[in-house]
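Asker: just coords:
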């Protein structure tokens, strides 16, 4: 089982490295994302979303669905934290007072 | 909390700082769409202000604190409010989280601002609740007790 797993991981890594080589260079102004989406956000963002803070306009409006996922991730991570830190004991949620 | 760090100096300093931190947290959330800030940062600030009070004065009746049960409710309600705002747009025939879909306020941009601020508040609720919960879970740890 172990050699098979290693072989599969090597294969997956190889595919990812080949795909990585095909990505546009970092910060390339001719990259597809920089020629379609970004100019639209920068030019139309404040007028369309009403948010003069461009970051919030993108984060909360254009990509609100993504931010919803972020919030759920934080929520889930917090609950997982509680489970781990609680060490399997029942958490006393009624009060923190001894 | 089983212990806290209260002393005259800490108490005076916390009295000075804590209200300003909490007020600033509200400012950061409310002004997230016009300046730096937003729900994540504001939620963390709010939780930090309450944790400061708890570190200095402990927890108990009359303290500024959000108990773990309420913090859990806040964390859950943030996610629910966020999802609910998306569903409101859906109910009015728009796309999910399309804030200007209801068309109740006339100006679509105004509606988008309202939606943005709404989800910022929801994010702040979740972040503040989660951080308070994690802090309480850590603070409830009995140092003398053998971990299971």
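Answerer: Looks like it arrived, so ask away. All figures in this text were calculated on a predicted structure; none of them were measured in a lab. Residues are numbered from 1 along each chain as shown, chains lettered A, B, ... in the order given.

Asker: average pLDDT for the longest helix belonging to chain B?
Answerer: Ranked by residue count, the top helix of chain B under DSSP state H comes out as helix B:108-139. Across helix B:108-139, the average pLDDT comes to 89.

Asker: so which helix or strand takes in whichever residue of chain A sits closest to chain B?
Answerer: The minimum distance from chain A to chain B, using C-beta to the nearest C-beta, falls at residue A:78 (3.3 Å). (Glycine included, C-beta is placed from N, CA and C.) Per DSSP states H and E, residue A:78 falls inside helix A:64-86.

Asker: what sits against residue B:111?
Answerer: Shown in contact with residue B:111 (C-beta atoms under 8 Å, 6 or more residues apart in numbering or on different chains): B:99, B:100, B:102, B:103, B:104, B:105.

Asker: now with 6 Å?
Answerer: B:99, B:100, B:105 (C-beta atoms under 6 Å, 6 or more residues apart in numbering or on different chains).

Asker: quick one: residues contacting the one residue in chain B that gets nearest to chain A.
Answerer: Residue nearest to chain A within chain B (C-beta to the nearest C-beta): residue B:130, separated by 3.3 Å. With contact taken as C-beta under 6 Å, 6+ apart, residue B:130 is in contact with A:74, A:78, B:75.

Asker: if you set the cut-off to 10 Å instead, what comes out?
Answerer: For residue B:130, the contact set (C-beta atoms under 10 Å, 6 or more residues apart in numbering or on different chains) comprises A:71, A:74-79, A:81-82, B:43-44, B:47, B:71-72, B:74-75, B:78.

Asker: I figured residue A:66 was touching residue A:58, is that so?
Answerer: Yes: with contact defined as C-beta atoms under 10 Å, residue A:66 counts as touching residue A:58 (9.3 Å).

Asker: residue B:86 is in contact with residue B:92, isn't it?
Answerer: No: in this structure residue B:86 lies outside contact range of residue B:92 using C-beta under 10 Å: 11.4 Å.

Asker: okay, and the common contacts of those two?
Answerer: Shared contacts of residue B:86 and residue B:92, counting by C-beta under 10 Å, 6+ apart, come down to residue B:98.

Asker: which of these two has more residues huddled nearby?
Answerer: residue B:86 (21 against 13; other C-beta atoms under 10 Å in any protein chain shown).

Asker: follow-up on the earlier one: out of the contacts of residue B:130, which are buried?
Answerer: A:71, A:74-75, A:78-79, A:81-82, B:43-44, B:47, B:71-72, B:74-75, B:78 (16 or more other C-beta atoms under 10 Å in any protein chain shown).

Asker: how far away is the residue of chain B closest to chain A from residue B:124?
Answerer: Using C-beta to C-beta, to the nearest Å, we find residue B:130 at a distance of 11 Å from residue B:124.

Asker: can you tell me the centre-most residue of chain A?
Answerer: residue A:70 (6.7 Å; C-alpha atoms, centre = their mean).

Asker: contacts only, for it.
Answerer: Contacts of residue A:70 (C-beta under 10 Å, 6+ apart): A:59, A:63, B:39, B:40, B:82, B:123, B:126, B:127.

Asker: nearest to residue A:13, of those residues?
Answerer: residue A:63 (29.6 Å; C-beta to C-beta).

Asker: count the residues that sit near residue B:16.
Answerer: 9.

Asker: same check, this time on residue A:72
Answerer: That count, for residue A:72 with other C-beta under 10 Å as the rule, works out to 15.

Asker: give the contact list for the nearest residue to it once chain neighbours are set aside.
Answerer: Distances taken as C-beta to C-beta, 6 or more residues apart in numbering or on different chains put residue B:79 closest to residue A:72, at 5.9 Å, once the chain neighbours are dropped. Residues near residue B:79 by C-beta under 10 Å, 6+ apart: A:68, A:71, A:72, A:74, A:75, A:76, B:122, B:123, B:125, B:126, B:129.

Asker: try residue B:87
Answerer: B:80, B:96, B:97.
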